[in-house]
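Asker: One predicted model, sequence on top.
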Amino acid sequence: MAKKESYEEMLLNLQEILNNLEQEGLSLEEGMKAYEDGVKLVNKLYKTLNSYEGKISIIKDEKEVEFDKQDGDK
């Protein structure tokens with residue numbers, strides 16, 4: 001099974017794709033392939049961020065509940 005890329009690795013890969021697209025001399029096919037790969041990577045990054053945001057919200061909500069319980073105990 002392939003190792004799951006970290007968010008930072010995906011960002012580095014996206015930067016590499018952008019650098020390749022900025023170079024002159026790419027054929028139309030190479031440019032389109034790089035663009036498609038970049039779009040796929042951006043979508044993966046977006047999904048990862050949304051996942052992290054959901055986890056942060058859950059953690060935040062749990063902490064708020066714990067703080068509320070502590071305030072009621074006094």
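Answerer: Done, it's in.
Asker: residue boundaries of the strands in this protein?
Answerer: With DSSP state E, there are no strands along the chain.
Asker: Lowest mean pLDDT among the helices and strands, pick that one out for it.
Answerer: helix 28-73 (a mean of 80; mean pLDDT, DSSP states H and E).
Asker: Which elements pack onto that helix?
Answerer: helix 7-22 (3 or more Cβ pairs under 8 Å, 6 or more residues apart in numbering; DSSP states H and E). Yep, even glycine has a C-beta here, placed from its N, CA and C like the rest.
Asker: ok, and for the helix it packs on, which residues are buried?
Answerer: Met10, Asn13, Leu14, Ile17 (16 or more other Cβ atoms under 10 Å).
Asker: which one is the residue most central in space within the chain nearest to, not counting chain neighbours?
Answerer: Nearest to the mean C-alpha position of the chain, counting by Cα atoms, centre = their mean, stands Leu45 at 2.5 Å. Among residues not flanking Leu45 along the chain, Met10 sits closest, at 5.4 Å (Cβ to Cβ, 6 or more residues apart in numbering).
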